[in-house]
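Participant: Pasting a predicted model and its sequence here:
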Amino acid sequence: MKTILVTGANGQLGNSIRLFAGKYSGYNFLFTDVDTLDITDPAAVRAMIKDNGVNYILNCAAYTAVDKAEDDEALCRRINTFAVGVLGKAAHEAGAKMIHVSTDYVFSGTNCRPYVETDATRPVSAYGRTKLAGEEILQEVCPDAVIIRTAWLYSEFGNNFVKTVLRLGKERDELGFVFDQIGTPTYAGDLAAAILTVVDSGERDAFVPGIYHFSNEGVCSWYDFTVKILEVAGIECRVRPIETKDYPTKAVRPPYSVLNKKKIRETYGIVIPHWEESLRVCMEKL
């Protein structure tokens, strides 16, 4: 039986992987978070891998407080860059396969077509810079790793955009959300399923290292996403479209970060649902 180490297991993606664990009877899942494994400690990581005979590492841990990162880039970099290098080096030394989750924020958002994996990266925030640096160090110390960039993640777990909109929609008569930031929501359950498909490919000698993009299909703005969330929930609340310039934030967000998923679809045979379909699935669970 192969052992899968999952870091950041108490987050949205980690919890979503937990839900699938029972369906993968050929694997032993080892779920860890900051309270059980310090991923910035090389000795602790090596010991965890060696003592448990780890075959796969799924790095779901990340510093994701985008605005706070502008004031504490050092801490953000320790988790999003240094720890990724620690995990990657340990994985490579142990002969384990690693799958790391990155972000659309590695791009500037100035494209006018969906980003492919080979497009030039130019992050415009501390969060984006540290995530890109994490990708680069991982490719250096563990060149046979899989990196999956995703975007606009939500789920039935933890705090996220969908839950925030549901709460605010019940509390207020009107909400304002930006309509000039375009991307695609990603249901963490779909991303978890895609990651485990990649893991399973390793048992069929079909594991192909490299950078991949994954989000749900389709395109929308935060305004569109909000309208659909309230519609599905049956909540009466007016949504007012606003421009990014009228809603200033500490960190700059990419105005357009739609990801092209052709590579991961064709390489791993993954069928990706439309974002509206997956939103309904998530909200039924909520």
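Facilitator: Ah, there it is. Since the model is a prediction, treat every value here as computed from it, not as a measurement.

Participant: residue boundaries of the helices in the stretch 101-250 of the chain?
Facilitator: Assigned by DSSP state H, counting those that start in this stretch, the stretch 101-250 of the chain shows helices spanning 126-141, 161-171, 188-202, 222-233.

Participant: For the residue nearest to the spatial centre of the chain, give its distance to Arg167.
Facilitator: In the chain, the centroid-proximal residue (CA atoms, centre = their mean) is Thr150; its distance is 4.7 Å. In this view, Thr150 and Arg167 are 24 Å apart by CB to CB, to the nearest Å. C-betas here are computed from N, CA, C, even on glycine.

Participant: And Pro114, by the same measure?
Facilitator: Taking CB to CB, one finds Pro114 at 31 Å from Arg167.

Participant: among the helices of the stretch 101-250 of the chain, which is nearest Val252?
Facilitator: Closest approach to Val252 among those is made by helix 126-141 (8.8 Å; CB to CB).

Participant: Go ahead and name everything in contact with that closest one.
Facilitator: Contacts to helix 126-141, defined as CB atoms under 8 Å, 6 or more residues apart in numbering, come from residues 62-66, 69-70, 73, 76-77, 79-82, 84-85, 87-89, 92, 98, 100, 102-103, 105-107, 121, 123, 145, 147, 211, 251, 254.

Participant: More neighbours: which of Pro114 and Arg167?
Facilitator: Pro114 (18 against 11; other CB atoms under 10 Å).

Participant: Low-confidence stretches in this protein?
Facilitator: Counting by pLDDT under 70, the chain shows no low-confidence range.

Participant: picking up where we left off before, could you identify the buried members of the contacts of helix 126-141?
Facilitator: The neighbour-count criterion (16 or more other CB atoms under 10 Å) marks 62-64, 66, 69-70, 73, 76-77, 79-82, 84-85, 87-89, 92, 98, 100, 102-103, 105-107, 121, 123, 145, 147, 211, 251, 254 among these as buried.

Participant: Inside strands: which ones of those?
Facilitator: With strands taken from DSSP state E, the overlap with the buried ones among the contacts of helix 126-141 comprises Met98, His100, Ser102, Thr103, Ile147, Ile211.
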